[in-house]
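**Q** Okay, structure incoming, though there's no sequence with it:
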């Protein structure tokens, strides 16, 4: 069953922030919500080639990019962060184009740890906003950790449907909600994390 971000986050935000039940992520920022940063993180969608240095998205990947836009259609998105690779930029493209947002491109020329720190700093520069981050199988979990979320292992190659919602509130621990969007991953997609693939 798929739920909107608003449906997933509302009980959590009420519990975390002590705000009244009418508070949502909608287009206007309530005064109580000013110190809350919401970070939506996804891995890039399915790529067309496993061997190309900078592949475009496959048909399934383009469908997933459209599904991401549909999943976030009713949400306020203030900023989009991607890498220089086509697969992240194309995953964010339907949403970015609809909202007339120019994604912030974080070039990944160093180590994964350096890249993660730069992305986390870029997210922190959007305090009080809703930020979409499109990353990679090894960076999305690391970015969550760098922003104070729980430690998660890298995603497996067939895992693409995860959508993570990390809420950062001043003076409170980061809170993570995991959801999914678009076509479901194969039933055994996460088996590699248990050493079964």
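**A** Alright, I've got the coordinates. What you see is a predicted model, and the numbers here were worked out from it, not measured in a lab.

**Q** C-alpha from now on. contacts and neighbour counts both.
**A** Noted.

**Q** Got the confidence number for residue 9?
**A** What the model reports for residue 9 is a pLDDT of 52.

**Q** Surely residue 44 touches residue 91?
**A** Yes. Counting by Cα atoms under 8 Å, residue 91 is a contact partner of residue 44 at 5.7 Å.

**Q** Need the overlap of contacts for those two.
**A** residue 134 (Cα atoms under 8 Å, 6 or more residues apart in numbering).

**Q** and the residue nearest the centre of the chain, what does it touch?
**A** Geometric centre of the chain, nearest residue: residue 41, 1.2 Å, by Cα atoms, centre = their mean. Listed by Cα under 8 Å, 6+ apart, the contact set of residue 41 reads 132, 133, 134, 135, 140, 163, 164, 165, 166.

**Q** mind running it again at 6 Å?
**A** 132, 133, 134, 163, 164 (Cα atoms under 6 Å, 6 or more residues apart in numbering).

**Q** ditto for residue 78
**A** Contacts of residue 78 (Cα under 6 Å, 6+ apart): 129, 130, 131.

**Q** Helices of the protein, residue ranges please.
**A** With DSSP state H as the criterion, the chain has helices at 5-17, 59-71, 86-99, 112-124, 139-146.

**Q** possible to save these as a markdown table with distance to residue 77?
**A** Formatted as a markdown table, the helices of the chain follow (distance: least, Cα to Cα, whole Å):
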| stretch | distance to residue 77 |
| --- | --- |
| helix 5-17 | 12 |
| helix 59-71 | 11 |
| helix 86-99 | 8 |
| helix 112-124 | 13 |
| helix 139-146 | 18 |
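
**Q** hang on, the earlier thing: from the contacts of residue 41, list just the buried residues.
**A** 132, 133, 134, 163, 164 (16 or more other Cα atoms under 10 Å).

**Q** My guess is the third one contacts residue 82. True?
**A** Yes. Between residue 134 and residue 82 a contact is recorded at 5.1 Å, counting by Cα atoms under 6 Å.

**Q** shared neighbours, these two?
**A** With Cα under 6 Å, 6+ apart, residue 134 and residue 82 have common neighbours residue 88.

**Q** before we move on, back to that, looking at strand pairing, list the partners for the residue nearest to the centre of the chain.
**A** residue 133, residue 164 (DSSP bridges).

**Q** Quick one: residues contacting the nearest residue to residue 169 once chain neighbours are set aside.
**A** Spatially, and ignoring its direct neighbours in sequence, residue 169 is nearest to residue 36 (4.6 Å; Cα to Cα, 6 or more residues apart in numbering). Listed by Cα under 6 Å, 6+ apart, the contact set of residue 36 reads 128, 168, 169.

**Q** How many neighbouring residues does the first one have?
**A** Pointing back at residue 128 there. By the measure other Cα atoms under 10 Å, the count of residues near residue 128 is 18.

**Q** Pretty sure it sits against residue 37.
**A** Yes. Using Cα under 6 Å, residue 128 makes contact with residue 37 at a distance of 4.4 Å.
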